[in-house]
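**Q** pasting the structure only:
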């Protein structure tokens, strides 16, 4: 048995930096605004929830896909037609209403689909089915970079899009390493603002059945799986489980380090680069490549935002003291 | 001589203007506009459609902006306030800058993996930062157009 191989780039430990930033945040936040304790998670909050998918057990029956559609159907788009004409002409409508039953890729109506990888590895043929959906990153670029406050990460690790205010600009899809969110035109707040010149609908993706999870239930895809390939629980426990499953099958884990760490771990007996090479990838069909932490640069720059005003204050105090001393010596 | 000009040299005001310009461009660049409106198609401007580049630019310019604002605030409180007072247009813009920094603080906090806010708070943070930026831009423009761009004026004119 070999060491478990997380199919990803290693991320340097950021524990001390994060601890500092968290502390700085607590102090600063308390100084600026009274915080709503119920809305902000910090020290002592419950651990994020993560899921483990043992793809060696998936039979590709599609029960999870059906359950996802059924449970989340009321959240699917109900676009108004005809769509407003958009400016400039290069901006195209994305309409899935005629293809709402498409289930071989991610769409605004299909937040989970089964990807199949078939090939040969170590001289043996394989066929593996992989339920694909949002991985719910720990540091999600979609939520961090949404300029409109529509995408967010909950304290329980669920990353979701607030469909009430999303304008469908699609930035979340552009910055997502897997291009997960999918757009439906003709729906959402943009219709009430300036539909011709800004926005293009609403972006949709797996919200890990956040209402069900809030009520203590499992996401629908986990609950209905006849093979029980999925598990959900605190991230540290799920990561341990994923690594144990991988060790037992002499296999691999995907998601532990991808994009700085996701809250979805795939466990496979075949390396993920081998699986990825056999996959049909493209729009709505995410890859399984290693992914660097795309927010790492910005996260590091947070230090500069903490240090800059402190440096300004220090310089101001020095200059002020010098000026006062000059003034006093001028008076003498 | 502790006049505003001696304590706040021209290079600082120019640096402030540059940081505001970069913040404005990279702030606009947070929205998917530069690609939609062909700006990124202009040779040499493809980077304007790169959201990660814009994000880093915004943070770097914000660091310069924060350092200068903090420096000037201390200089004013420690020295200048004895001989100068902030003008009405100055007060308005200082209020807008305070709103920008306050909302920006929470925007940065929200981007750290350790922090989570409710959907309403996330919306409030995003919209208030945008509103504060617009307010500062409009006030700066009006102050310039009306000839009231000075932030401070002598308390005891000679």
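**A** That came through, no problem. This one's a predicted model, so the numbers in the text were calculated from it and none came from an experiment.
**Q** for chain B, what is the nearest residue in the stretch 101-250 of chain A?
**A** In the stretch 101-250 of chain A, the residue that lies nearest chain B is residue A:149 (2.8 Å; CB to the nearest CB). For glycine as for every other residue, the C-beta is placed from the backbone atoms N, C-alpha and C.
**Q** now that residue. Nearest residue, chain neighbours left out?
**A** residue B:126 (2.8 Å; CB to CB, 6 or more residues apart in numbering or on different chains).
**Q** by mean pLDDT, flag the weakest helix or strand of chain B.
**A** helix B:4-7 (a mean of 75; mean pLDDT, DSSP states H and E).
**Q** quick check: pLDDT value at the nearest residue to residue A:62 once chain neighbours are set aside.
**A** Once flanking residues are discounted, residue A:62 sits nearest to residue A:114: 6.1 Å by CB to CB, 6+ apart. Residue A:114 is assigned 98 on the pLDDT scale.
**Q** the strand or helix carrying residue A:114 pairs with which strands?
**A** Secondary structure from DSSP states H and E places residue A:114 in strand A:113-121. Paired neighbours of strand A:113-121 in the sheet (DSSP bridges): strand A:124-132 (antiparallel).
**Q** which residues are in contact with whatever helix or strand comes next after the partner strand?
**A** Scanning forward in sequence from strand A:124-132 by DSSP H and E, the next helix or strand is helix A:141-145. Residues from elsewhere that reach helix A:141-145, judged by CB atoms under 8 Å, 6 or more residues apart in numbering or on different chains: A:151-153, A:159, A:161, A:171-173, A:175-177, A:180-181, A:259, A:294-295, A:298, B:30, B:51-52, B:55, B:110-111, B:122.
**Q** stretch B:93-104 now?
**A** By CB under 8 Å, 6+ apart, stretch B:93-104 touches A:32-33, B:62, B:66, B:69, B:86, B:125, B:128-129, B:131-133, B:135-136, B:139-140, B:143, B:151.
**Q** swap the cut-off to 6 Å and go again
**A** Contact partners of stretch B:93-104, identified using CB atoms under 6 Å, 6 or more residues apart in numbering or on different chains, comprise A:32, B:128, B:129, B:132, B:135, B:136, B:139.
**Q** can you mark which positions in that stretch are buried?
**A** B:93, B:94, B:96, B:97, B:99, B:100, B:101, B:102, B:103, B:104 (16 or more other CB atoms under 10 Å in any protein chain shown).
**Q** before we move on, back to that, could you say which helix or strand contains the residue nearest to residue A:149?
**A** Going by DSSP H and E, residue B:126 is in helix B:119-145.
**Q** what's the mean pLDDT across that helix?
**A** Helix B:119-145 carries an average pLDDT of 97.
**Q** so which elements touch that helix?
**A** Judged by 3 or more CB pairs under 6 Å, 6 or more residues apart in numbering or on different chains; DSSP states H and E, helix B:119-145 is in contact with helix B:88-111.
**Q** again, only using 10 Å
**A** Applying 3 or more CB pairs under 10 Å, 6 or more residues apart in numbering or on different chains; DSSP states H and E, one finds that helix B:119-145 contacts strand A:151-153, helix B:10-28, helix B:88-111.
**Q** what's the most buried one of these?
**A** strand A:151-153 (a mean of 27; mean count of other CB atoms under 10 Å in any protein chain shown).
**Q** ok, the buried residues of stretch B:93-104 vs chain A, which is closest?
**A** Distances from chain A to the buried residues of stretch B:93-104, taken by CB to the nearest CB, are shortest for residue B:102, at 5.6 Å.
**Q** please name the residues that touch the residue most central in space within chain B.
**A** Residue closest to the average C-alpha location in chain B (CA atoms, centre = their mean): residue B:20, at 5.1 Å. When contacts are counted by CB atoms under 10 Å, 6 or more residues apart in numbering or on different chains, residue B:20 touches B:27, B:61, B:64, B:65, B:68, B:97, B:133, B:136, B:137, B:140.
**Q** what sits closest to the last one if chain neighbours are left out?
**A** Spelled out, it's residue B:140. That would be residue B:93: by CB to CB, 6+ apart, it lies 6.4 Å from residue B:140.
**Q** ok, the fourth one next?
**A** The spatially closest residue to residue B:65, leaving aside those adjacent along the chain, is residue B:19, at 4.3 Å (CB to CB, 6+ apart).
**Q** flag the shaky bits of the stretch 101-250 of chain A, pLDDT-wise.
**A** The model of the stretch 101-250 of chain A has no residue with pLDDT under 70.
**Q** nope, chain B is what I was after
**A** Counting by pLDDT under 70, chain B contains low-confidence residues at B:1-2, B:157-158.
**Q** 90 instead?
**A** B:1-8, B:79-83, B:154-158 (pLDDT under 90).
**Q** that older thread, surely the residue nearest to residue B:65 and residue B:27 touch.
**A** No: in this structure, residue B:19 is not within contact of residue B:27 by CB atoms under 10 Å, at 11.7 Å.
**Q** name the residues contacting each of the two.
**A** B:61, B:62.
**Q** one step back: what angle sits between the helix holding residue B:126 and helix B:10-28?
**A** If you take axes from the mean of the first three to the mean of the last three CA atoms, to 10 degrees, helix B:119-145 sits at 140 degrees to helix B:10-28.
**Q** next structured bit after helix B:119-145?
**A** Following helix B:119-145 in sequence, per DSSP H and E, is strand B:152-154.
**Q** before we move on, the earlier item: and for the residue nearest to residue A:62, the neighbour number?
**A** 18 (other CB atoms under 10 Å in any protein chain shown).
**Q** would you mind measuring from it to residue A:247?
**A** Counting by CB to CB, to the nearest Å, the gap from residue A:114 to residue A:247 is 26 Å.
**Q** same check on residue A:130?
**A** 20 Å.
**Q** who has more neighbours out of these two?
**A** Neighbours were counted for residue A:130 and for residue A:247 using other CB under 10 Å; residue A:130 has more, 21 against 15.
**Q** so the more buried one is in contact with residue A:255, correct?
**A** No: applying CB under 10 Å, one finds residue A:130 not in contact with residue A:255, separated by 11.5 Å.
**Q** what do those two both touch?
**A** In contact with both residue A:130 and residue A:255: A:53, A:266, A:272, A:288, using CB under 10 Å, 6+ apart.
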